[in-house]
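In: Coordinates only, no sequence provided:
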């Protein structure tokens, strides 16, 4: 599949990319370096109790990197091939290090999609809403012209 990755935002500990799978924009990937280790019950509850019985047994102190893939259509969540492809893209953007513990999740958010479609007229609303999904959100205020240098397209 041919795809493009567009860097939408790069601020401290947070990166946002828009994924375009020809010919449509398909998803937004929000990366956040949480600067903490992952917790079994909070971050990886699907592993409890089948693989780990307690936080003590979990014993993982690696830095948690969260990647949230916001798809633009519900059908993308139901298409296993497309979901696997988006997972591949999200994983490939996280540099492998022994100190990193990645968490990747998929979401469908109609409000985010609406704000994305209107971002040219209200960029702050789009970014503030997107950043509200992060743990360390501490405000953002800029116009679209302030971030034009970030609007580059990376074609892979």
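Out: Done, it's in. Source: prediction; values computed, not measured.
In: what distance separates the start and the end of stretch 9-18?
Out: Distance across stretch 9-18, first residue to last, is 10 Å (CA to CA, to the nearest Å).
In: Repeat that for stretch 52-69.
Out: Taking CA to CA as the criterion, the two ends of stretch 52-69 lie 26 Å apart.
In: ok, the residue lying closest to residue 39 once chain neighbours are set aside to residue 33 distance?
Out: Of all residues beyond its chain neighbours, the one nearest residue 39 is residue 55 (6.7 Å), with distances taken as CB to CB, 6 or more residues apart in numbering. (Glycine included, C-beta is placed from N, CA and C.) Per CB to CB, to the nearest Å, residue 55 is found 22 Å from residue 33.
In: Neighbour count for the two, which is higher?
Out: The neighbour comparison of residue 55 against residue 33 (other CB atoms under 10 Å) goes to residue 33, with 18 against 13.
In: Can you give the contact residues for the longest helix along the chain?
Out: The longest helix of the chain (DSSP state H) is helix 80-92. Outside helix 80-92, the residues that touch it by CB atoms under 8 Å, 6 or more residues apart in numbering are 1, 3, 5, 19, 21, 26-27, 29, 67, 69, 71, 76-77, 102, 104, 106.
In: Just give me the neighbour total for residue 2.
Out: Neighbourhood size, residue 2 [other CB under 10 Å]: 9.
In: got a list of what it touches?
Out: 21-22 are the contacts of residue 2 under CB under 8 Å, 6+ apart.
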